[in-house]
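>>> task: produce atomic coordinates for the following.
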Amino acid sequence: MSSPKNVAVLVGSLRKESLNRKMANALIAMAPPSLKLGIMEIGQLPLFNQDFEADPPQVIRDFKQQLEAADAVLFITPEYNRSIPGALKNAIDVGSRPYGKSSWNGKPGAVISLSPGAIGGFGANHHLRQCLVFLNVPAMQQPEAYIGKAANLFDEKGAIANESTREFMQKFLQAFEQWIDRNLPQKQ
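This is a model prediction of the structure:
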């Protein structure tokens, strides 16, 4: 049996009890043994500043190194003002620089947007996908994951309480595993 694929999970919301973090933790708990999901924290990153490129702070070097060690990336994001949260956009920018040395390059990815509203973060999901095109992150197209009405989605232990949502997320993880297999760059 091959070793599990290391998946960096980036959560767009910084709030400790965010619905997006709950979804990340629920997916970590239900991931198949072939996927090792782990949250990459983004709240500690300084705002992107091109002056850092020549000699980045250690926190940026650590972030880029952790990202480069990942086989794939999974974004779980809320929608802020019809877009992605600033902290997530900052992490994307920090990881992409300096130009030509993007830590995102070629990593298979997937996007889940989660919202207490009815449309499930549709705007954020698609805005993030636009960024991923430039980053050369092949983003899984199907199944799409716009999870609405998420305020009552989790039980007191943080598991997904809704059976149909839990089944959907299991299928999402299975499809993501296949997506990673098809899109993972071959090591020379």
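>>> return the set of buried residues in stretch 13-33.
13-14, 18-27, 31 (16 or more other Cβ atoms under 10 Å). To be clear about C-beta, it is placed using only N, CA and C from the backbone, and glycine gets the same treatment.
>>> I'd like the average pLDDT over that stretch.
For stretch 13-33, mean pLDDT rounds to 96.
>>> how long is it end to end?
End-to-end span of stretch 13-33 (Cα to Cα, to the nearest Å): 26 Å.
>>> and stretch 112-130, by the same measure?
14 Å.
>>> give me the phi and psi for the residue nearest to the spatial centre of the chain.
Geometric centre of the chain, nearest residue: F75, 1.7 Å, by Cα atoms, centre = their mean. F75 has phi and psi values of phi -100, psi 130 when expressed as degrees, to the nearest 10.
>>> pick out the most distant pair among the buried residues of stretch 13-33.
Farthest pair in these (Cβ to Cβ) is L14 and A31. Separation: 22.7 Å.
>>> and the helices in the chain?
19-30, 58-69, 86-96, 122-135, 163-183 (DSSP state H).
>>> by how many degrees do the third one and helix 19-30 diverge?
Relative orientation of helix 86-96 versus helix 19-30 (axes from the mean of the first three to the mean of the last three Cα atoms, to 10 degrees): 60 degrees.
>>> mind listing what's buried in helix 86-96?
Residues of helix 86-96 classed as buried: 87-92, 94-96 (neighbour count, 16+ other Cβ under 10 Å).
>>> ok, the fourth one next?
Judged by neighbour count using 16+ other Cβ under 10 Å, the buried positions of helix 122-135 are 122-129, 131-132, 135.
>>> as a markdown table, the helices of the chain with distance to Q50 would be great.
Below are the helices of the chain laid out as a markdown table (distance: least, Cβ to Cβ, whole Å):
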| stretch | distance to Q50 |
| --- | --- |
| helix 19-30 | 29 |
| helix 58-69 | 12 |
| helix 86-96 | 10 |
| helix 122-135 | 17 |
| helix 163-183 | 30 |
